[in-house]
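**Q** Quick one: sequence and predicted model below, then my questions.
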Amino acid sequence: MNRIFESYLFRKHILVKDGGLPEEEHAFETVFALANIFGIRIISGAERAEKRMLSLAEKELGIDVPEPFYRGFPESVRKLTPDQLLFDQLVHYAVTYGFGDFSKPGHSLFEGDDRGDDVDTEPVSEKNTEQTGEGTGFDFQRDFARIAFKEKREIRDFVIMTEEEAMKKLGELVDGLLAGTRPLSNDQYELVRTFLLETDHRVTDIASKNTAVRLLLDLRSDRFADFLVLSDVIRLADEMNYQNYGKKDLRKLNLRNQDRKFLIRMIDILLKSGRCDIRTCFEKKKLWNGLLHHLHYQAKTPEGRAFVDAMRGKGNQSVYSEFEKAMSENRIILAAAILREGKGSGAVIRNLNYLVSRCESRDEIRGVLSCMDSKNVILLLQLLLQYANYKPEGTARYFRFTKFELMKTHMETREEMDRRRTVLTEEDAQFLAEQIFGRLKSLLKGRLGKVYINPEMERYALPIQETASQGGFGVLTRGTRRPIGFWETLRGFTYWEKVNDIDLSVFGITKDGREMEFSWRTMAGNQSGAITYSGDQTSGYYGGSEYFDIDYRKFVKKYPDIRYLVFCDNVFSGSYFSECFCRAGYMVRNAGDSKMIYDPKTVESAFAINCDSTFAYLFGIDLETNELIWLNMARDSSARVAGTTSMKFLTDYFHVTETMNVAKFFTMMATELVEDPAEAEVVVTDRTIEVPEGVEVIREYDFERMIALMNA
C-alpha cells in the first residue's frame, strides 16, 4: 500500500496488513512490541499484525531522534551556571556561524560525559535482525521480555484492517474531504490527489473551488472542470503561477507555452459549458485583461467573442457595481438581494458586516438576514465565532486569511480604524450571533437520530478552517483543548535534517497582554525547574533537535503574571520548512529526568512541518486551566527569528470552544440525546467504547466525517 495511505490511516488509529504477505509468524510478539514501545493496543485484527508495522510506528511517532545540544537534558542543563550555559552557546556559534563548520553536531563543553545512558536508545531500524529477517526492525528473542521504556502512558487503541477494508475506508475519507467547502490543508490534499491518481474512484462532488483547481492543475483531467465556472480561471491561473513558477503575484506572468495552451483550453471548455455568467468576471476585469493579453487569446465562438468584448470594453456590469449603487442610495435590503441573486448567499454572508453597519433598525437587519438563505454550515459557524467574540468599537481588529495554504495576518492601524466602513455595536453583534445560532439549529436539526456524546467532547473544536494546518499523528483541530495533568511535565520538541538550524521557542502572554520570550536568545539566564531548554542546536544538517520542558506547578509559581504560553518553530538558516525534513510535537512526561529524552510511548503528537515558510505556530498552554490548546498554523513569513510580530491575535483561538465545539454541534443534530451508548445510533467520544453492531462511532480525529456532516 502507498506510504501516504498508510501514514494517513495511522493517524486514524488504523494499521493495514499487506495483502501480498502470508499470515505473520510473529503476530503475538508484534502486538506486544507495539504496546511495549509505542503504547499501541490492538483491539481488532491482532492476528494480522506484521513486523513491518513497527517500522511504520517508528516513522510516525519517532524513535531514532537526534540528540539535543545538551545530551543530558534536562538534568545536566540545570546543573550548569548561566555563565557556563552562555559560554557553551557562544563557542558553538563561533564554530558554526563564525567559522562555517556545520559538519558535526555541536555539544556542550561543560556537560561532561557522565550522562547516564543506561537506557537502550538504539533505533528499531538498526537493531539486530538476525532472528526476524531483513528490515523487520525488531529482535523478538532479545526484546520480547524487555521493558523498553519506563514511563507509563494512556494506551492508544488501534485496529488492523485488510488492504481491501483500508481502501474502502480511504474512499470514505476522500469523499468526506471533497464534501468540504473550505480549502484542504496540504496533508489532506495530498491524500485526495494520490488516491484519485491511483484508483478509479468516482468523484461526484467537489464543494471547494480551491480543491477542484488544484486537482485540475495536478492531474490535468478535464473532469475536474465540471466543478468550476468561468470566473474560476483567474483562480486557476493564480494557483498555476504559484505552483509552477513560485510567484504570488498574478500580475507578473511569464507562462510556458504548454501552460498557456492549458488555460486557453479551460476558457473554451467553460464558455461552452453554459456555466458562464460574464457579470461574475467583471469584478476582476483588469486581471482578465492581463491574462487574455498574455495568452494571446483568440475567441473562436460567439460566446467567446462576447466575453472578450466585455472584458476589453469600457463598461462594467459587475454584480458588485449594482450592489454598491444600492448601498450608496441607502437601500440596504435591496443591496443584499442583489448580492444573493447575482453571487449567491455566500456573498451576502461575506458582506454582512458592511450591510448590517448601514442598517437603522432591527427590522432592517432581519430583512438583510432573510437574504442570507445559505445552507453552508461552515460559513455560518465562522460568522457565529466572529460575532460571538466581536471586539467593541475602538479596538484594533486582527485580520486573518489564508492563501497558498499559508496564514497571513494584519493588525488594523489607527488610520485604518478611523476609515472603517463597517462599525457594529456590541448589541448588533450579539443580535447577529443569536440569529445565526438559531439558523444553525434549524438547519442541523434532525440530521442524526439518537446520539450519545461524551462530555469531554466540549473541549474539541470543529474543523472549520484548517487550510494552514500540517499533518501528523495526534493532530487536532485549531482551538481544541487537551488536559495536561497537574502532576506531569510537558516536553515540546522539534527535530530535523537537511538544514543547519531550526529554533524552537516559547512565548508567554501575560494577563494584561504583554509578551515574554523564552528562546535561544534569553534562556541562558532563565533556565530553571519551571522551564528548561535543551540548548540551541545550530549544526543539525545531519540531525538536530531542541526541547522545552514546562513544569506546571513550578512555572505558575515563578511566573504568576503569565496566562498563556505559545510554542513556535522557525528556520534560522533562512530556507523554507518544505526544503528540509522537520517534525514537531509534544510529550507528556511523568519521568522527565529519566535520561530518556525522547520516549515514543509518551508522544501525544508528532507532525510534519513542511510549509513554504520559515515560521509555524505549534500549540499553546492555558496556565489557568493547565490545558494544551491546539494551534498548528503555517504563517506566510520569511522571518528567521520568532517574536518579531505580536502574538496576541492567537488568543482568539483560545476561546473557540466556548462558543462552538463538537459536543454542541452534535447536540444540534441529534433527534434525541441519550445517556447510555448502548441506546445510541451515533456515539461521539474521545474514549474507546464498546457499542452494538451498526452504531456509528465518531472520534475526535474523524475530521472527514465532521466535514461531511457540516456540508450535507
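**A** Received it, and whenever you're ready, just let me know what you need.

**Q** how close does residue 300 get to residue 495?
**A** Applying Cβ to Cβ, to the nearest Å, the value for residue 300 to residue 495 is 56 Å. C-beta: built from backbone N, CA, C; applies to glycine.

**Q** With neighbour numbers in mind, choose between the two.
**A** Just comparing residue 300 and residue 495: by other Cβ atoms under 10 Å the higher neighbour count belongs to residue 495, 26 against 12.

**Q** give the contact list for the residue lying closest to residue 527 once chain neighbours are set aside.
**A** Leaving aside its sequence neighbours, residue 527 sits nearest to residue 77 (Cβ to Cβ, 6 or more residues apart in numbering; 5.7 Å). Residues near residue 77 by Cβ atoms under 8 Å, 6 or more residues apart in numbering: 70, 85, 527, 532, 533, 534, 535.

**Q** need those residues in JSON lines with pLDDT, distance to residue 337 and neighbour count, can you?
**A** As requested, the contacts of residue 77 are exported to JSON lines (pLDDT from 0 to 100; distance: Cβ to Cβ, whole Å; neighbours: other Cβ atoms under 10 Å):
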{"residue": "70", "pLDDT": "94", "distance to residue 337": "66", "neighbour count": "28"}
{"residue": "85", "pLDDT": "92", "distance to residue 337": "67", "neighbour count": "21"}
{"residue": "527", "pLDDT": "94", "distance to residue 337": "63", "neighbour count": "21"}
{"residue": "532", "pLDDT": "96", "distance to residue 337": "61", "neighbour count": "26"}
{"residue": "533", "pLDDT": "97", "distance to residue 337": "59", "neighbour count": "27"}
{"residue": "534", "pLDDT": "96", "distance to residue 337": "60", "neighbour count": "25"}
{"residue": "535", "pLDDT": "94", "distance to residue 337": "63", "neighbour count": "27"}
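
**Q** secondary structure element for the residue nearest to residue 527?
**A** helix 75-79 (DSSP states H and E).

**Q** roughly how far is that helix from the heart of the chain?
**A** 35 Å (Cα atoms, centre = their mean, to the nearest Å).

**Q** Okay, buried residues for it please.
**A** For helix 75-79, the neighbour count (16 or more other Cβ atoms under 10 Å) marks 75, 76, 77 as buried.

**Q** Skip the chain neighbours and tell me the closest residue to the second one.
**A** Closest residue in space to residue 76, ignoring its immediate chain neighbours: residue 111 at 4.8 Å, by Cβ to Cβ, 6+ apart.

**Q** Show the contacting residues for that neighbour.
**A** Per Cβ under 8 Å, 6+ apart, neighbours of residue 111: 70, 71, 72, 76, 80, 88.

**Q** Look at the closest residue in space to the fifth one that isn't next to it in sequence and report its pLDDT.
**A** In space, not counting the residues next to it along the chain, residue 80 is nearest to residue 110; the distance is 5.6 Å by Cβ to Cβ, 6+ apart. pLDDT, residue 110: 87.

**Q** What strand or helix carries residue 110?
**A** Using DSSP H and E, no helix or strand contains residue 110.

**Q** ok, it touching residue 87?
**A** Yes - Residue 110 is within contact range of residue 87, at 7.5 Å (criterion: Cβ atoms under 8 Å).

**Q** mind listing what the residue nearest to residue 80 touches?
**A** Here residue 110 is in contact with 80, 84, 87, 88 (Cβ under 8 Å, 6+ apart).

**Q** Among these, which pair sits farthest apart?
**A** 80 and 87 (9.4 Å; Cβ to Cβ).

**Q** Please compare those two by neighbour count and tell me which comes out ahead.
**A** Of the pair residue 80 and residue 87, residue 80 is the one with more neighbours under other Cβ under 10 Å, namely 21 against 16.

**Q** Tell me which residues touch the more buried one, please.
**A** With Cβ under 8 Å, 6+ apart, residue 80 has these contacts: 88, 108, 110, 111, 527.

**Q** Can you flag which of the contacts of residue 110 belong to strands?
**A** Using DSSP state E, no member of those sits in strands.

**Q** Out of those, flag the one nearest to residue 156.
**A** residue 80 (36.2 Å).

**Q** how much space between that closest one and residue 537?
**A** 16 Å.

**Q** next one: residue 153
**A** Taking Cβ to Cβ, one finds residue 153 at 26 Å from residue 537.

**Q** for this structure, which residue is closest to the average position?
**A** The centre of the chain sits closest to residue 469, judged by Cα atoms, centre = their mean, with a distance of 1.8 Å.

**Q** Kindly provide the distance from residue 63 to residue 73.
**A** 17 Å.

**Q** do residue 386 as well
**A** Taken as Cβ to Cβ, the span from residue 386 to residue 73 is 42 Å.

**Q** who's more crowded, these two?
**A** Per other Cβ under 10 Å, whichever of residue 386 and residue 73 has more neighbours is residue 73, with 28 against 18.

**Q** from memory that one sits against residue 537, does it?
**A** No - using Cβ under 8 Å, residue 73 makes no contact with residue 537, being 10.9 Å away.

**Q** follow-up on the earlier one: closest one of the contacts of residue 111 to residue 365?
**A** Distances from residue 365 to those, taken by Cβ to Cβ, are shortest for residue 70, at 60.0 Å.

**Q** List the contacts of that closest one.
**A** Applying Cβ under 8 Å, 6+ apart, the residues contacting residue 70 are 76, 77, 107, 108, 111, 534, 535.

**Q** Wait, the first one touches residue 85, no?
**A** Spelled out, it's residue 76. No - counting by Cβ under 8 Å, residue 76 stays clear of residue 85, with 10.6 Å between them.

**Q** Could you list every helix and strand that the host helix or strand of residue 9 packs against?
**A** Under the criterion of DSSP H and E, residue 9 resides in helix 3-11. Packed against helix 3-11 by the contact rule (3 or more Cβ pairs under 8 Å, 6 or more residues apart in numbering; DSSP states H and E) you find strand 14-16, helix 52-61, helix 163-178, helix 186-198, strand 472-473.

**Q** Just the buried positions in the longest one, please.
**A** So that's helix 163-178. For helix 163-178, by 16+ other Cβ under 10 Å, it's 166, 167, 169, 170, 173, 174, 175, 176, 177, 178.

**Q** how far away is the closest residue to the first one other than its chain neighbours from residue 45?
**A** Spelled out, that is residue 166. Distance criterion Cβ to Cβ, 6+ apart; nearest residue to residue 166, sequence neighbours excluded, is residue 16 at 4.4 Å. Look at residue 16 and residue 45: by Cβ to Cβ, they are 10 Å apart.
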